[in-house]
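K.L.:
need the 3D shape of this:
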Amino acid sequence: MFISRFRVNTARPGARRLLSSPQAMHAAVMSAFPHILPSDRPVPDAPRVLWRLDQQARAEVLLYIVSPDRPDLTHLVEQAGWPAVATAEDPGWQTRPYKPLLDRLAAGDRWAFRLTANPVHTIRRAGRDEPRKITAHLTPVHQMGWLLEEDRQRRLGFRVTEKPADQRLLPEGTTKGKHPHPGDRYELAVRDSRPLAFKKSRDAAGRGQGKPVTVVTATFEGRLEITDPDAMRRTLTQGVGRARAYGCGLLTLAPIAGNGPRTP
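P.N.:
Residues are numbered from 1 along each chain as shown. Model (predicted):
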């Protein structure tokens with residue numbers, strides 16, 4: 001497994017085209033792996049290519065990729081990077097082995113994390129015999145509730161940690177719709193939420209065609225404690241939730257400042 005980081009040159013027209021279409025960005029990411037054909041489907045329950053865009057500022061956009069194989073991002077450098085300053089030593093992106101991090105994960109470790117996901121739920125249609133409909137969570141309260149579901153966290157191999165009682169500023173309670181509201185009990189926040197609208201197919205000129213697709217994303221930041229290292233490794237290499245082809249599902253870890261991972 002490998003983890004890669006590529007800084008997008010937002011001043012370039014090619015970069016702006018990629019940033020405006022998750023479908024185009026997905027195609028560009030997958031082109032970094034010559035042995036993967038466009039018609040190939042991810043193998044169930046196996047490590048796969050995951051990617052995420054992190055926008056630190058208006059002109060600072062980072063593309064993160066986790067993949068079973070080492071990527072070749074030369075085409076991205078030429079289209080959306082700084083090809084004039086690329087060298088053999090610094091080709092325009094950084095790739096590191098992911099296995100050392102995966103191997104060191106242990107129950108009880110605490111990490112800071114970031115995750116962009118597509119939080120959804122199913123609702124019943126008007127007709128009793130109609131199939132249930134998948135719809136997106138739209139508010140931060142419901143999006144956080146999606147990640148905080150006990151069964152979901154158990155499957156993912158971690159739990160979101162709680163703040164000490166004396167650091168909580170908002171009380172727990174219920175929303176207007178009678179859904180639980182955790183207040184600020186957890187070390188968790190939704191930093192960004194946005195709808196991504198695009199068309200799956202493109203014509204020869206690169207224009208979108210067909211029915212539009214909308215994916216609502218939420219970017220979570222917080223702290224977690226590992227409860228099941230094997231499940232956590234699956235989460236980091238297989239992704240979380242739906243829309244993984246469109247920049248969702250990649251969870252990344254970082255040491256907690258002044259604390260670091262705690263290993264029994």
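K.L.:
direction included, what does the longest strand along the chain pair against?
P.N.:
When every strand of the chain is counted residue by residue (DSSP state E), the longest turns out to be strand 208-226. When sheet partners are counted by DSSP bridges, strand 208-226 sits next to strand 110-117 (antiparallel), strand 158-160 (antiparallel), strand 188-202 (antiparallel).
K.L.:
would JSON lines of those strands with distance to residue 231 be doable?
P.N.:
No exception for glycine: its C-beta is placed from N, CA and C like everyone else's. As requested, the strands paired with strand 208-226 are exported to JSON lines (distance: least, CB to CB, whole Å):
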{"stretch": "strand 110-117", "distance to residue 231": "15"}
{"stretch": "strand 158-160", "distance to residue 231": "8"}
{"stretch": "strand 188-202", "distance to residue 231": "19"}
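K.L.:
just the mean pLDDT for stretch 39-51, thanks.
P.N.:
For stretch 39-51, mean pLDDT rounds to 86.
K.L.:
endpoints of that stretch, how far apart?
P.N.:
According to CA to CA, to the nearest Å, stretch 39-51 extends 19 Å from its N-terminal end residue to its C-terminal end residue.
K.L.:
got the buried residues for that stretch?
P.N.:
Within stretch 39-51, the residues that count as buried by 16 or more other CB atoms under 10 Å are 47-51.
K.L.:
tell me the two of the residues you listed that are most distant?
P.N.:
The most widely separated members of these are 47 and 51, with 13.6 Å between them, by CB to CB.
K.L.:
can you pull the pLDDT of residue 181?
P.N.:
According to the prediction, residue 181 has pLDDT 63.
K.L.:
my error: substitute residue 200 in the last question.
P.N.:
pLDDT for residue 200: 65.
K.L.:
over to residue 148?
P.N.:
Residue 148 carries a pLDDT score of 94 in this model.
K.L.:
and the closest residue to it other than its chain neighbours, how many residues sit next to it?
P.N.:
Sequence neighbours aside, residue 160 is the residue nearest to residue 148 in space, at 6.1 Å (criterion: CB to CB, 6 or more residues apart in numbering). Around residue 160 there are 19 other residues, counting by other CB atoms under 10 Å.
K.L.:
report the contact partners of residue 160.
P.N.:
The contact partners of residue 160, by CB atoms under 8 Å, 6 or more residues apart in numbering, come to 147-148, 153, 186-188, 222-224.
K.L.:
ok, the residues you listed vs residue 27, which is closest?
P.N.:
residue 147 (28.5 Å).
K.L.:
ok, back up a step: most neighbours of all the contacts of residue 160, which one?
P.N.:
Counting neighbours by other CB under 10 Å, the one among these with the most is residue 224, which has 25 neighbours.
K.L.:
so what's the closest residue to that one other than its chain neighbours bridging to?
P.N.:
Taking CB to CB, 6+ apart as the measure, residue 224 lies nearest to residue 158, with 4.3 Å between them; neighbours along the chain are not counted. According to DSSP bridges, residue 226 are recorded as the beta-bridge partners of residue 158.
K.L.:
buried residues, the helix or strand hosting residue 4. List them.
P.N.:
In this structure, residue 4 is located in strand 2-8 according to DSSP states H and E. Judged by neighbour count (16+ other CB under 10 Å), strand 2-8 contains these buried residues: 3-4, 6-8.
K.L.:
read off the pLDDT value for residue 262.
P.N.:
The pLDDT attached to residue 262 in the predicted structure is 46.
K.L.:
and if you look at residue 60?
P.N.:
Model confidence at residue 60 (pLDDT) stands at 89.
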